[in-house]
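Chemist: Structural data only, the sequence is not supplied:
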Ligand code: PFF
């Protein structure tokens with residue numbers, strides 16, 4: 001079967017950036033930054049990207065582009081069938097797992113965009129936002145309906161194929177996302193009291209930095225760049241032979257970091273405007289669906305036109321960010337089943353969609369009718385989240401860096417990186433050094449921290 005490629009270099013970068021820019025940029029990065037020393041955290045985060053993120057991203061790009069195959073096959077080919085081939089399969093399944101809970105949150109963003117545009121938040125007392133959210137997620141069918149719509153959109157894009165589906169949607173959605181983010185950031189910065197919010201995000205406070213800050217920054221960099229889940233490897237398998245791998249990776253990392261910082265510009269000025277202390281709010285769903293809808297109403301005028309526009313655009317932004325990431329995760333699994341089991345794209349995509357419909361629905365219901373179903377005291381949603389994010393992701397990242405640094409043929413690496421000797425690669429030695437020593441060690445520590453083993457060992 002003829003394999004499709006992305007039609008342009010910009011399309012390839014935008015698709016990969018679409019994978020990277022997601023919920024992690026908006027619902028986690030800003031608060032993590034603010035609470036962990038502002039610019040000090042950003043500096044550490046950027047260092048993590050330079051020292052670990054980029055080397056691993058480049059390696060994933062390289063393995064994907066070299067093999068022009070789905071992630072499982074790609075690792076099988078470059079590992080010559082040795083046990084390292086399992087790293088590829090693990091990536092595929094980790095991505096699949098993440099997708100099952102990621103779509104649930106994607107669906108929530110649609111519901112909140114709907115509530116915003118219909119001005120439902122007008123005159124809601126601050127203390128009721130928690131109930132609105134809790135009642136919604138516990139509702140027996142409403143979140144599931146949104147979930148199916150969200151999955152339907154992903155399915156539509158995937159079945160259209162690499163160029164007319166993934167690339168075309170990324171070319172449309174990524175610029176849209178960027179302009180919406182800029183618009184919201186400018187609006188927020190114009191609010192009275194905005195400077196305090198910007199200072200919270202940008203003023204370096206090194207006293208807040210300790211070893212866990214560094215580990216948090218690493219974990220965030222990993223998740224945010226979509227590493228170790230086959231996404232970048234799969235997308236790179238559609239890169240043309242002349243696509244510059246290192247430059248594309250740098251572009252993706254820059255876009256991802258810019259959007260994450262811009263999310264802080266959107267959130268903090270409005271929070272400070274109403275006198276809310278960001279140190280008191282958590283990251284994730286609580287921030288996004290409980291604190292922020294209230295913040296937007298208070299800061300922009302309860303029930304006002306501006307509040308409707310701002311709030312709607314914010315949840316639209318989240319929706320687009322979640323959608324492009326979810327598409328990339330779906331594509332990992334679709335490429336895998338179509339190529340490994342010789343299925344037509346439509347059939348393979350339908351199979352993957354069916355699995356996430358089932359598992360995603362179970363995750364979604366785990367806040368309502370299925371809340372009694374728990375494993376180690378966690379509902380299904382958290383089981384999927386923790387297993388993929390805390391265990392499989394760092395483990396995969398570590399194995400990829402070890403494989404790329406120690407096992408993968410050095411000449412092959414250099415040839416592919418330089419596009420057959422066309423591009424200069426003065427950073428090559430540094431890259432290999434990071435892959436061999438820095439990345440495995442650092443990610444090993446993240447792994448120990450994320451799994452709680454660190455705290456256990458230090459007791
Ligand atoms: N990078 C996405 C985010 O920041 O939300 C999440 C993600 C997407 C993680 C795709 C992993 C992945 F393969």
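Modeler: That came in fine, so what should we check first? Everything numeric in this text was worked out from a predicted model, so none of it was measured. Residues are numbered from 1 along each chain as shown.
Chemist: Could I get the buried residue list for stretch 132-148?
Modeler: Neighbour-count burial for stretch 132-148, counted by 16 or more other Cβ atoms under 10 Å, picks out 132-133, 136-137, 139, 142-144, 146-148. C-beta here means a position set from N, CA and C on the backbone, and glycine is covered the same way.
Chemist: Where does the residue of the chain most remote from its centre fall, secondary structure wise?
Modeler: Residue farthest from the centre of the chain, counting by Cα atoms, centre = their mean, is residue 123 at 33.4 Å. Under DSSP states H and E, no helix or strand contains residue 123.
Chemist: is it true that it touches residue 303?
Modeler: Yes - Residue 123 lies in contact with residue 303 (Cβ atoms under 8 Å); the separation is 5.8 Å.
Chemist: In this structure, what helix or strand scores lowest on average pLDDT?
Modeler: Across the helices and strands of the chain, mean pLDDT, DSSP states H and E gives its lowest value to helix 453-458, namely a mean of 74.
Chemist: Looking at the buried residues of stretch 132-148, which are in helices?
Modeler: Members of the buried residues of stretch 132-148 lying in helices (criterion: DSSP state H): 132-133, 136-137, 142-144, 146-148.
Chemist: okay, now residue 360: neighbour count?
Modeler: For residue 360, the neighbour count with other Cβ atoms under 10 Å is 27.
Chemist: got the residues of the stretch 201-350 of the chain near the ligand?
Modeler: 223-224, 226, 229, 231, 325, 328-329 (Cβ under 6 Å from any ligand atom).
Chemist: State the pair within these that is farthest apart.
Modeler: The distance between the two most remote of these (Cβ to Cβ) is 14.2 Å, for 224 and 329.
Chemist: neighbour-wise, which of those two wins?
Modeler: Set residue 224 next to residue 329 and count neighbours by other Cβ under 10 Å: residue 329 wins out with 29 against 25.
Chemist: Find the helix or strand that that one is a member of.
Modeler: Using DSSP H and E, residue 329 falls in helix 305-340.
Chemist: Can you give the distance of that helix from its chain's centre?
Modeler: Put simply, helix 305-340 sits 10 Å off its chain's centre (Cα atoms, centre = their mean, to the nearest Å).
Chemist: which helices and strands sit right next to whichever helix or strand comes after it?
Modeler: Counting by DSSP H and E, the element after helix 305-340 in chain order, helix or strand, is helix 345-365. If you count contacts as 3 or more Cβ pairs under 8 Å, 6 or more residues apart in numbering; DSSP states H and E, helix 345-365 packs onto helix 85-117, helix 142-159, helix 305-340, helix 380-386.
Chemist: which residues sit against helix 345-365?
Modeler: Helix 345-365 has contacts (Cβ atoms under 8 Å, 6 or more residues apart in numbering) with 96, 99-101, 103-104, 107, 137, 140, 143-144, 147-148, 151, 154-155, 158-159, 161, 330, 333-334, 337-338, 341, 343, 370, 380-381, 384.
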